[in-house]
Structures are given as C-alpha cells and as structure tokens.
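Asks: below is the sequence, then the predicted model.
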Amino acid sequence: MDPLAWLYARQGEVKPGLERIQALLARLGNPQEAYPVALIGGTNGKGTTARALAAILEEAGLRVGLYTSPHLVDFQERISVQGQAIPKDRLLVLLEEVRPLAEALEASFFEVATAVALLHFAREGVGFAVLEVGLGGRFDATNVAEPLLSVVTNIGHDHLEILGPTLRDVAREKAGIFRQGVPALTAARGEGLEELRLQAEKRGTPLKVLGEAFSLLGVEALPMGLAFRLEFEGVERVLQTRLLGPHQAENLALAAVAGRLLSAGWEAVARALLRVENPGRLERLPWPGGKELLLDGAHNPEGAWALREALHFHGLLPAALVLAFSREKDHRAMAEALKGLGPVVLTRYASPRSQDPRALLPLFPGALVEEEPLKAVERAFTLENRVVVAGSLYLVGEVKRALLGLPPEERWQ
C-alpha cells in the first residue's frame, strides 16, 4: 500500500495517552530532543500564532521547523522547514521508515504524523521547532516534547465531546502543555482563563496574560490587512500584517511576545508579521468578473463570531455564504453567529464526518442546497459578487483542491 494511503487509513481514531508516541520516538532515537521547542495550543488561532512565531524566529536567524494541522490541499503542508514544505519523496521515505514501528505500537494517524515531523526536523538540523497542538494538550502527541515556551491562545467551545463538557474541562486539558518554570502565554478570558491560572499555579508555570503582562492598545483596518499597537515590558510598537480580522491581532500579539521571550528583536518581529500568511483564514482570492472569494476555516461558535466581526470590520459585506459543518459541531450556535450576513448555500465536504446539508435547513431558512462544494461556490456567485466559504477547514481545503483541478480527499483529521 502507498505510504500516504496507509497513513490516511489510520484516520478517525483518537487514542488518549502519550505511551505510544513516547515508545515510537524512543525507537527512532528521540528526535524531539535534538532542538528546542515551543508548543502552541488553544481553541482558535493556534495555527496563526504558530506560523507567526516560526516566521519571527526565522527572521531572528534560526533554522525553524513548523508542524501544523490540519492541511488544506496536501499533507506535506503540515511539515515545513524555513517555510518550505517537506518534499514528497522525503515524506514517503520517512513514512516507510516509521511504518513498521507504528504498526507494532498501533500508533494513530496523528501520532505517526507527529513522529515523522519530529524526525524530519532532527535530520534537517533545525535550531528550533514550533509545534501546533492537534487536540487538547495533555494527551496530544506534540506534548511528548519538552518546551522552552508554551502558548494557549484561548479557550472556546470545540471538541467538547472529548475535552469537555465544560470550558473549565477544556482549559484543564489544554494546560497540559504547561511546565514547571517554563513561561506560558494566553489571551484566554472568563472561566477558561480562571482555570488556566489555577493550573499554572499548580504546576509552577509563570503565566503571562494578554491585558496584564502585555496589551493591545488599538487595532486598525488597513486596505490589505491590519495595524495594531502592542505594549510589552514598557515598550510600545505599531505592527502591521496582511492577515484580516481583529481577532488576528490577539494571535499575533501572542506570537510577538513569544518571539521576544525567545530573544528575537523587535525588528525581526515586525518583518515576520508583515510577511506571515495563513491560508484558509480569511484568505482572499480573485474570481472572474471582478468578484472575490474568501475562504475561512471558522468551525466553532467563537470562530464564527470572529468571522462575522471581521467581515464587518473590513467592510467585506454584502456577501453570500457557502457553509458546511462537521456532524459533532454546535450547528445552532454557529448559525446564530452567521445569520443575517447574506444568502446561504449549504454543502458538504467529502467525508462521513460532514453533516447532511439538508439537515441544516431549519437553521438557515431560505438557504439553497448544493452537494458539491465548487458548484455551491458557483451558485453563490449568482447571488452576490463576494462569496465566503466557511464552517470547516476540510470544506476550505476541498474548495482549494477543486480550484486546482484536484479530486476531493476523504478527511477525518
């Protein structure tokens, strides 16, 4: 069986515990011990924060490995060094090397992917690795690494069936990436923050909180992005980015402070934030006839509210929405966040995990249904000159694949 097909066949299982990944990495020589690491967790924004921190450390002169999930178009996106995705031939060789060990240990899809990333980084001689947590924190495969710094971006309503049922439960799981004496950062609020503080105190983790140890003093929409003022340790800096949405200012503030704590200079921070990209997060694409397609991976209530705010903040309405949700998400809460923004076309992505669009019709009165995502986009463009695709990163990935002429992937993870 093709190595990638073998890996994809392992999707869908979530196996709590670090025993398998620890055993797998031990048999590979513990590659995660070859370089320092930052762990980036949280409900939303961790991908942006991870990408921005990697860019900051690159601008500071380090050779940086970056591990993120999920991918949009190609699995290789998940594993990069100096911004370059792992070459296909190298990925296949590493998968073949890891495969017999993984089978013997019954390692999961994400455990195998994480082991391959950590092994690739060691063999590429990175000077630092930024690892985005996959799910939760305490039992996530990335938590096998011992970080120099941890970030929990925020605490929200996602994966409650695994991490919940309460926000405090979610925060407790995500605080599993905290370490004694190792600095941690967060932009969490409310009961999520309360629980993070409690867990940090129990572990002896120095926790720096947005609005206390560092502050956002203003966010301004620019024609092609954002500007925001950040205060940290008595210094104020105005920083700019091409990313859209005021929520991204929080994610980038976390990355900036993380970079400073890891000895990056302010100029490195500024250069990195100006160039950082995060595909599928309010990504703007031109469409024939002077129209515009926006792709956003908002897939939980907090993400949907952030999308709504961003569309208003940047003057990107009116727009038609193309939506697909995963079965286990809070559809009603997401519909509440997205209602009234414009006409809706409901669709699905290529996985049994995707909710039947017809089952969502009661939440979106008057919505249209189009089973194939690209046809849904085309139909939405008959309704408005701007179309926003949202509800799932898997949907965004399938649309991007279709635009490239690629077939859909069946996605679970």
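Replies: In hand now; what should we look at?
Asks: tell me, how many residues neighbour the residue nearest to residue 190 when sequence neighbours are not counted?
Replies: Distances taken as C-beta to C-beta, 6 or more residues apart in numbering place residue 167 nearest to residue 190, at 7.3 Å, with adjacent residues excluded. All C-beta atoms are positioned from the backbone trio N, CA, C, and that covers glycine. Using other C-beta atoms under 10 Å, residue 167 has 21 neighbouring residues.
Asks: please renumber so the chain begins at 515
Replies: Yep, numbering from 515; the last one is residue 681 now.
Asks: verify the stated contact: residue 681 with residue 687.
Replies: No. Using C-beta atoms under 8 Å, residue 681 is not in contact with residue 687, being 10.8 Å away.
Asks: still on that earlier bit, roughly how far apart are the residue nearest to residue 704 and residue 527?
Replies: Relative to residue 527, residue 681 is positioned 26 Å away (C-beta to C-beta, to the nearest Å).
Asks: now residue 814
Replies: Distance from residue 814 to residue 527, by C-beta to C-beta: 22 Å.
Asks: please say which of those two ends up with more neighbours.
Replies: Taking neighbours as other C-beta under 10 Å, residue 814 and residue 527 compare with residue 814 leading, 23 against 13.
Asks: looks like that one contacts residue 557 (just checking).
Replies: Yes. The criterion here is C-beta under 8 Å, and residue 814 meets it with residue 557 at 6.8 Å.
Asks: average pLDDT across stretch 596-604?
Replies: Averaged over stretch 596-604, pLDDT sits at 98.
Asks: show me where the stretch 715-864 of the chain has its strands.
Replies: 721-723, 728-736, 739-746, 749-755, 797-801, 805-809, 834-837, 858-860 (DSSP state E, counting those that start in this stretch).
Asks: put together JSON lines for those, with distance to residue 820, mean pLDDT and mean neighbour count on each row.
Replies: Formatted as JSON lines, those follow (distance: least, C-beta to C-beta, whole Å; pLDDT from 0 to 100; neighbours: other C-beta atoms under 10 Å):
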{"stretch": "strand 721-723", "distance to residue 820": "19", "mean pLDDT": "98", "mean neighbour count": "19"}
{"stretch": "strand 728-736", "distance to residue 820": "13", "mean pLDDT": "96", "mean neighbour count": "14"}
{"stretch": "strand 739-746", "distance to residue 820": "13", "mean pLDDT": "98", "mean neighbour count": "18"}
{"stretch": "strand 749-755", "distance to residue 820": "15", "mean pLDDT": "98", "mean neighbour count": "15"}
{"stretch": "strand 797-801", "distance to residue 820": "15", "mean pLDDT": "98", "mean neighbour count": "14"}
{"stretch": "strand 805-809", "distance to residue 820": "13", "mean pLDDT": "98", "mean neighbour count": "19"}
{"stretch": "strand 834-837", "distance to residue 820": "15", "mean pLDDT": "98", "mean neighbour count": "28"}
{"stretch": "strand 858-860", "distance to residue 820": "18", "mean pLDDT": "98", "mean neighbour count": "26"}
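Asks: right, I'll leave it there.
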